[in-house]
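Undergrad: I would like to see how this sequence folds:
(chains A and B)
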Amino acid sequence: MNSTIRKKNGDSVFRAITLLFALSILIILLVMAVEMAVESMPSLRKFGWGFISGSDWDAVQGSFAALPYLYGSVVSSILAILLATPLSVGTALFITELAPYKVGAVTASLVELLAAIPSVIYGLWGILVMAPWLQGAVEPFLVKHFGFLPFFRGAPYGVSMLAAVFILMIMIVPIVTSITKEVLTAVPSSQREAAVALGATRWEMIRIAVLPYGRSGILGAVILGLGRAIGETMAVTMVIGNTPQISLSLLSPGYTMPSVIANEFAETTTKLHASALMEIGLILLVVTLFINFMARMLLWSVTRKWKGGVA
Amino acid sequence: MTLRSITVRRASNLAATFLMGGATILVLLPLVIIFYHIVKMGISSINPAFFTNIPQPPGEVGGGMANGIAGSAIMIGMASLAGLPVGIFGAVYLTEYGTGRLATVIRFSADVLSGIPSIITGMVAYSLLVVPMKGFSALAGSFALSLIMVPIVLRTTEEQLKMVPATLREASLALGVPLWRTSIKVTLRSAMTGVITGILLAVARVAGETAPLLFTALGNQFWSKKLNEPMAALPLQIFNFAISPYEDWHRLAWAGALVLVVLMFGLSLAARWLGRAKHS
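TA: Numbering: from 1, shown residues only, chains lettered A, B, ... in the order given. Okay, the predicted model is just below:
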């Protein structure tokens, strides 16, 4: 009798403790959101919508507006994901549809190694190797042959929006590739067999059977990659040049939301300055929450469907 | 679909094959190039002094990153002490009781949380710990790192626990062992290698984190003696030295990068090896 009671107690205590630990996820999310919102209040009150439409960032005068940072984040991330998507999908298709099993497995491991390299090392390589190479070879070439376009005008600095786009592309390709690979692996082989049985070539099989089936999952992977690109801090801070300006030219330096936080947050002098940076953080948080929410919804809906579907 | 000649179909198949292969080469190329540069630039500065000395001013030889390596180890250790139990036992809850809507919400939130930029975690740790304690500290840095670990460990551990056969647990329960003991002694224990794999991956992930330490641990040119003082960390030193204008410091940064990359690859190889050993 006594031992039964103790058993019951043990179980309910265990359940309560583990529940608390599991709930910590929700608590962390909630605390993050509340903390960022509260700390942003002074800046939100003072600047209102002007914060995201103006471009005056002056700590001495106490006037803050974040458009150049928003612009830099949006442009660098979108260009990076546009370049990364075909590469990632191509590689994922190579791994799952084309390569012999062993070759595919090795390729997948190498892609995972790329994903494991820390951001600061990409930045180190970016600033000391890639930026000088861009300045010496790529940017003069672009100016010479494509200088008639507004995107490739001005002096080649090396550290530039272009450098940020390249480094972001290199960094998000592994993530998008490995998630796309997971999605493609989950496409039932009956789909492929049906296409091949109808006489399709391998490419036709991919086009009519594999890609349509994995469409929403691949979209999820791409959106997830976009979220990573927007939140990427160290590598971008090291190569983008950290100049708050809005310029059409990819050769000129820019600035992003995480970069300005990384550079200025430890050295704020006024409450308002800190609050303005917090508001940039809040915008970043809301945007990445939304993006990750969308991406996970897409990926989850795909995996759920497959669990019950054709094996 | 309109009928096309077999030549066109074959040609497009060939073109697609080349494009996929080409994409793969382009994707793997940076891995080779970056690794080549890290080894080439870093290896010459790897010597005993690198692991025993603190950084020297530019122009002086014999500087090392000992304080950064020690600082990283201390902060990762403390973050693990706080973050791992929370993640692991949170996962136990999801496997044992996680059938309802709450569990789904928690799983989904963990996935979303792991996509939040780590610099935001740093800002939150700053306002929760640095401001009240009136100063940057190793404690705040560890706290930020532990927040990053929790969702990663929770999801990987749950995946591993789910693979433990139900029959094992049922056998234990049928013998009258209470659920909580079954959980710890049977489920967790049989999934141990998998759980350790998850832990290694989480440690590898936070070992390279720089952004959340920028305004929590802050970094330190010297040895830190207390946990409530700013503390050096390897990734922070790599960052600060990389953006400095001095050749000497660039060399140190490359050497630090080599150490960090070797550590990362070592951890992920160990994780992979553990994972494979279990399945064979």
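Undergrad: for the rest of this, base every contact and every neighbour count on C-alpha atoms.
TA: Fine.
Undergrad: and the residue of chain B nearest chain A?
TA: Per C-alpha to the nearest C-alpha, residue B:90 is where chain B lies closest to chain A, at 3.8 Å.
Undergrad: pLDDT score assigned to that residue?
TA: pLDDT recorded at residue B:90 is 96.
Undergrad: the stretch 151-280 of chain B against chain A: which residues are in contact?
TA: Proximity of the stretch 151-280 of chain B to chain A, by C-alpha under 8 Å from any C-alpha of the partner chain, involves residues B:151, B:178-180, B:204-205, B:208-211, B:214-215, B:218, B:235, B:238-239, B:242-243, B:253-254, B:257, B:261, B:264-265, B:268.
Undergrad: tell me the buried residues in the helix or strand where the residue of chain B closest to chain A lies?
TA: Here residue B:90 sits within helix B:66-97, counting by DSSP states H and E. By 16 or more other C-alpha atoms under 10 Å in any protein chain shown, the buried positions in helix B:66-97 come out as B:66-72, B:74-76, B:78-80, B:82-96.
Undergrad: and what of stretch A:281-298?
TA: A:281-285, A:287-289, A:291-298.
Undergrad: from the chain's centroid, how far away is that stretch?
TA: 10 Å (C-alpha atoms, centre = their mean, to the nearest Å).
Undergrad: run through who's touching it.
TA: The contact list for stretch A:281-298, computed with C-alpha atoms under 8 Å, 6 or more residues apart in numbering or on different chains, reads A:33, A:36-37, A:40, A:216-217, A:219-224, A:226-227, A:230-231, A:257-258, A:261, B:108, B:111-113, B:115-117, B:120, B:123.
Undergrad: out of those residues, which end up buried?
TA: Among the contacts of stretch A:281-298, those buried by neighbour count (16+ other C-alpha under 10 Å) are A:33, A:36-37, A:40, A:216-217, A:219-224, A:226-227, A:230-231, A:257-258, A:261, B:108, B:111-113, B:115-117, B:120, B:123.
Undergrad: now, which of these lie within helices?
TA: Members of the buried ones among the contacts of stretch A:281-298 lying in helices (criterion: DSSP state H): A:33, A:36-37, A:40, A:216-217, A:219-224, A:226-227, A:230-231, A:257-258, A:261, B:108, B:111-113, B:120, B:123.
Undergrad: which stretches of the chain form helices?
TA: In the absence of a named chain, chain A is used. Under DSSP H, chain A gives helices at A:2-47, A:50-53, A:67-93, A:101-116, A:119-125, A:131-133, A:139-146, A:161-185, A:189-197, A:202-205, A:211-231, A:234-239, A:257-264, A:271-308.
Undergrad: ah, I was thinking of chain B
TA: In chain B, the helices defined using DSSP H lie at B:6-42, B:48-52, B:66-97, B:101-113, B:118-125, B:131-133, B:138-162, B:166-174, B:179-181, B:189-190, B:192-207, B:234-242, B:247-279.
Undergrad: which stretch in the ones you listed has the least confidence?
TA: Taking the mean pLDDT of those, helix B:247-279 comes last: a mean of 88.
Undergrad: now the angle between helix B:66-97 and it, please.
TA: Interaxial angle, helix B:247-279 versus helix B:66-97 (axes from the mean of the first three to the mean of the last three C-alpha atoms, to 10 degrees): 30 degrees.
Undergrad: what is helix B:247-279 packed up against?
TA: Contacts defined by 3 or more C-alpha pairs under 8 Å, 6 or more residues apart in numbering or on different chains; DSSP states H and E place helix B:247-279 against helix A:101-116, helix A:119-125, helix B:6-42, helix B:192-207, helix B:234-242.
Undergrad: the inter-axis angle of the helix holding residue B:90 versus helix B:138-162?
TA: 40 degrees.
Undergrad: which ones are touching residue 201?
TA: Just so you know, I chose chain A. So residue A:201 contacts B:9-10, B:13 (C-alpha under 8 Å, 6+ apart).
Undergrad: um, chain B though
TA: Here residue B:201 is in contact with B:267-268, B:271 (C-alpha under 8 Å, 6+ apart).
Undergrad: do the same with residue B:44
TA: residue B:255.
Undergrad: surely residue A:183 and residue A:218 touch.
TA: Yes: in terms of C-alpha atoms under 8 Å, residue A:183 counts as a neighbour of residue A:218; the distance is 6.8 Å.
Undergrad: so how many other residues sit close to the residue in chain A that chain B sits nearest to?
TA: Closest contact between chain A and chain B, by C-alpha to the nearest C-alpha, is at residue A:22 (3.8 Å). Look at residue A:22: counted by other C-alpha atoms under 10 Å in any protein chain shown, it has 29 neighbours.
Undergrad: so which residues make contact with stretch A:15-31?
TA: B:86-87, B:89-94, B:106, B:109-110, B:113, B:147, B:150-151, B:180.
Undergrad: just stretch A:68-82 next, same as before
TA: A:52, A:55, A:161-162, A:164-166, A:168-169, A:172, A:222, A:225-226, A:229-230, A:244-246, A:254-257, A:260.
Undergrad: buried sites along that stretch?
TA: Neighbour-count burial for stretch A:68-82 [16+ other C-alpha under 10 Å]: A:68-81.
Undergrad: what about the stretch 51-200 of chain A, any weak spots by pLDDT?
TA: Filtered on pLDDT under 70, the stretch 51-200 of chain A yields no residues whatsoever.
Undergrad: surely residue B:63 meets residue B:55?
TA: Yes: taking C-alpha under 8 Å as the definition, residue B:63 is a contact partner of residue B:55 at 4.5 Å.
Undergrad: and the two? which has more neighbours close in?
TA: Higher neighbour count among residue B:63 and residue B:55: residue B:55, with 24 against 21, using other C-alpha under 10 Å.
Undergrad: dump the helices and strands packed on helix B:247-279 into a markdown table; add distance to residue B:228 as well.
TA: Converted to a markdown table, the helices and strands packed on helix B:247-279 look like this (distance: least, C-alpha to C-alpha, whole Å):
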| stretch | distance to residue B:228 |
| --- | --- |
| helix A:101-116 | 30 |
| helix A:119-125 | 25 |
| helix B:6-42 | 32 |
| helix B:192-207 | 20 |
| helix B:234-242 | 18 |
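Undergrad: wait, which of those is closest to residue A:136?
TA: Nearest of the helices and strands packed on helix B:247-279 to residue A:136, taken as C-alpha to C-alpha: helix A:119-125 at 15.7 Å.
Undergrad: next one: that closest one to chain centre, how far?
TA: The answer for helix A:119-125 is 16 Å, by C-alpha atoms, centre = their mean.
Undergrad: just the C-alpha atoms of it, please, in PDB.
TA: Provided in PDB are the C-alpha atoms of helix A:119-125 (Å, rounded to 0.1, in the frame of the first residue of the first chain):
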ATOM      1  CA  SER A 119      30.100  31.800 -39.000                       C
ATOM      2  CA  VAL A 120      33.100  33.600 -37.600                       C
ATOM      3  CA  ILE A 121      35.400  31.400 -39.700                       C
ATOM      4  CA  TYR A 122      33.400  32.100 -42.900                       C
ATOM      5  CA  GLY A 123      33.900  35.800 -41.900                       C
ATOM      6  CA  LEU A 124      37.700  35.400 -41.400                       C
ATOM      7  CA  TRP A 125      38.000  33.700 -44.800                       C
END
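Undergrad: which strands or helices does it pack on?
TA: With contacts defined as 3+ C-alpha pairs under 8 Å, 6+ apart, helix A:119-125 has these neighbours: helix A:161-185, helix A:234-239, helix B:6-42, helix B:234-242, helix B:247-279.
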